[in-house]
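Enquirer: sharing a sequence plus its predicted fold:
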Amino acid sequence: MVNRRRAPRTDTAPPFRADDGRWQELLEIAARIFARKGYRSTTLQDIADEFGVLKGSLYHYIRSKDDLLFEVVRSVFSTGLDNLRRLAGSEHDPVERLRAVIRGHVLYLIDNLVETTVLLHEFDQLSDERRAEIPIREYQTIIAGLIADAKADGLVKPDVDPQLAALAVLGAANWVYRWFRPGGGRMPEEIANQYADMLVDGMLVRGELRPASGLR
């Protein structure tokens, strides 16, 4: 378990000094090792060895291993959330925005496979304080809002629960990280398009089924 007795943070500045330009490299290395070995089995010595520094030199950047996990999770989560907000805020109707959000989310997962593996596997390893800093339910809120809007417009079946449907969409889409491997039989765009069509079409009233728009 992480140490929950450390002194509380008194500011919002990141717990590191990245003035030598190697901070992003450190995050990428930490993410790879966390994804490969798991957070609990990873040591700071593992990370220092791959980073090419003495273990003590890591404290130039961080205070603890928990700091590294938090920064990996925070970075991939916040960038993905910005991506979803941008797609959800387009001028298209809510069904097409929902398709775009699902496609964009799947592509983001694939493009950031290592970091999203850490996010989805290791989020619960963060301290309570750190987990509270990440609005993890915001993905569900965005998707549920689009489904509710489409339902209000008569495009989605009246018995669809937007919150439950949003959880189903995220559960299906997020699982991509478990099986996708670069160089496999399907291209990322094909996977993203099929996920969007399958997940959205199952909610629509029969007369609203239609090919996806030119948002791809």
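Expert: Sure, I can see it.
Enquirer: only C-alpha atoms for contact and neighbour calcs from this point on.
Expert: OK.
Enquirer: do you know how far Ile142 is from Gln125?
Expert: 25 Å (C-alpha to C-alpha, to the nearest Å).
Enquirer: over to Glu96?
Expert: 36 Å.
Enquirer: settle it for me: which of the two has more neighbours?
Expert: Glu96 (22 against 18; other C-alpha atoms under 10 Å).
Enquirer: tell me what the helix or strand hosting the more buried one is packed against?
Expert: Using DSSP states H and E, the element containing Glu96 is helix 94-111. Contacts defined by 3 or more C-alpha pairs under 8 Å, 6 or more residues apart in numbering; DSSP states H and E place helix 94-111 against helix 65-88, helix 138-152, helix 162-174, helix 176-179, helix 188-201.
Enquirer: now tell me which of the ones you listed the model trusts least on average.
Expert: Note on the helices and strands packed on helix 94-111: helix 176-179 shows the lowest mean pLDDT, a mean of 91.
Enquirer: and it, how far from the chain's centre?
Expert: Helix 176-179 has its C-alpha centroid displaced from the chain centroid by 13 Å (C-alpha atoms, centre = their mean, to the nearest Å).
Enquirer: not counting its own residues, what contacts that helix?
Expert: Here helix 176-179 makes contact (C-alpha atoms under 8 Å, 6 or more residues apart in numbering) with 106, 109-110, 113, 116-117.
Enquirer: buried residues in that helix?
Expert: 176-177 (16 or more other C-alpha atoms under 10 Å).
Enquirer: now the helices and strands packed on helix 94-111 as JSON lines including distance to Ala48?
Expert: As requested, the helices and strands packed on helix 94-111 are exported to JSON lines (distance: least, C-alpha to C-alpha, whole Å):
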{"stretch": "helix 65-88", "distance to Ala48": "11"}
{"stretch": "helix 138-152", "distance to Ala48": "34"}
{"stretch": "helix 162-174", "distance to Ala48": "30"}
{"stretch": "helix 176-179", "distance to Ala48": "27"}
{"stretch": "helix 188-201", "distance to Ala48": "33"}
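Enquirer: so which of these gets nearest Thr43?
Expert: helix 65-88 (7.7 Å; C-alpha to C-alpha).
Enquirer: and the angle from the closest one to helix 138-152?
Expert: Between helix 65-88 and helix 138-152, the angle comes out at 20 degrees (axes from the mean of the first three to the mean of the last three C-alpha atoms, to 10 degrees).
Enquirer: which strands and helices lie in contact with helix 65-88?
Expert: If you count contacts as 3+ C-alpha pairs under 8 Å, 6+ apart, helix 65-88 packs onto helix 23-37, helix 94-111, helix 113-122, helix 138-152.
Enquirer: in a markdown table, list those helices along with distance to Met187.
Expert: Converted to a markdown table, the helices and strands packed on helix 65-88 look like this (distance: least, C-alpha to C-alpha, whole Å):
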| stretch | distance to Met187 |
| --- | --- |
| helix 23-37 | 23 |
| helix 94-111 | 10 |
| helix 113-122 | 14 |
| helix 138-152 | 24 |
